[in-house]
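Colleague: Pasted the sequence and its predicted model underneath.
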Amino acid sequence: MIHITLICAAGMSTSMLTQRMQKAAESKNLEVEIVAMPESKFRKYKGETEVLLLGPQVRYLFEEIKAEFQPKGMKVAVIDMRDYGMMNGEKVLEDACKLLG
């Protein structure tokens, strides 16, 4: 099981992307748990996260988030703006999986 968390400013469009990522995972028979939430809620989130993806609208937080959460074993990246805008769940899922090696 791969645990992926997406964070953004408000959580609306990221929730749609999460659904598309989940569909892509199902079509590839990948076991994933994907959740989306505003950045402010993630700091209190107790669920497991292996890959932490930032929406383009909060990319300015990348260095801060990476410094805080990468030492805890999370892979941290910013979602490609084009893939985010096109809601390309398959590509975002692929990029997330690449982070894990």
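Modeller: Done, it's in.
Colleague: This protein: strands as residue ranges?
Modeller: With strands called from DSSP state E, the chain shows them at 2-8, 32-38, 51-54, 75-78.
Colleague: Turn the ones you listed into TSV, including mean neighbour count and mean pLDDT.
Modeller: The C-beta positions use only the backbone N, C-alpha and C, and glycine is treated the same way. As requested, the strands of the chain are exported to TSV (neighbours: other C-beta atoms under 10 Å; pLDDT from 0 to 100):
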stretch	mean neighbour count	mean pLDDT
strand 2-8	22	95
strand 32-38	19	94
strand 51-54	24	97
strand 75-78	18	98
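Colleague: what about A77, distance to V35?
Modeller: According to C-beta to C-beta, to the nearest Å, A77 stands 16 Å off from V35.
Colleague: still on that earlier bit, possible to save the strands of the chain as JSON lines with distance to Y45?
Modeller: Formatted as JSON lines, the strands of the chain follow (distance: least, C-beta to C-beta, whole Å):
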{"stretch": "strand 2-8", "distance to Y45": "7"}
{"stretch": "strand 32-38", "distance to Y45": "7"}
{"stretch": "strand 51-54", "distance to Y45": "10"}
{"stretch": "strand 75-78", "distance to Y45": "14"}
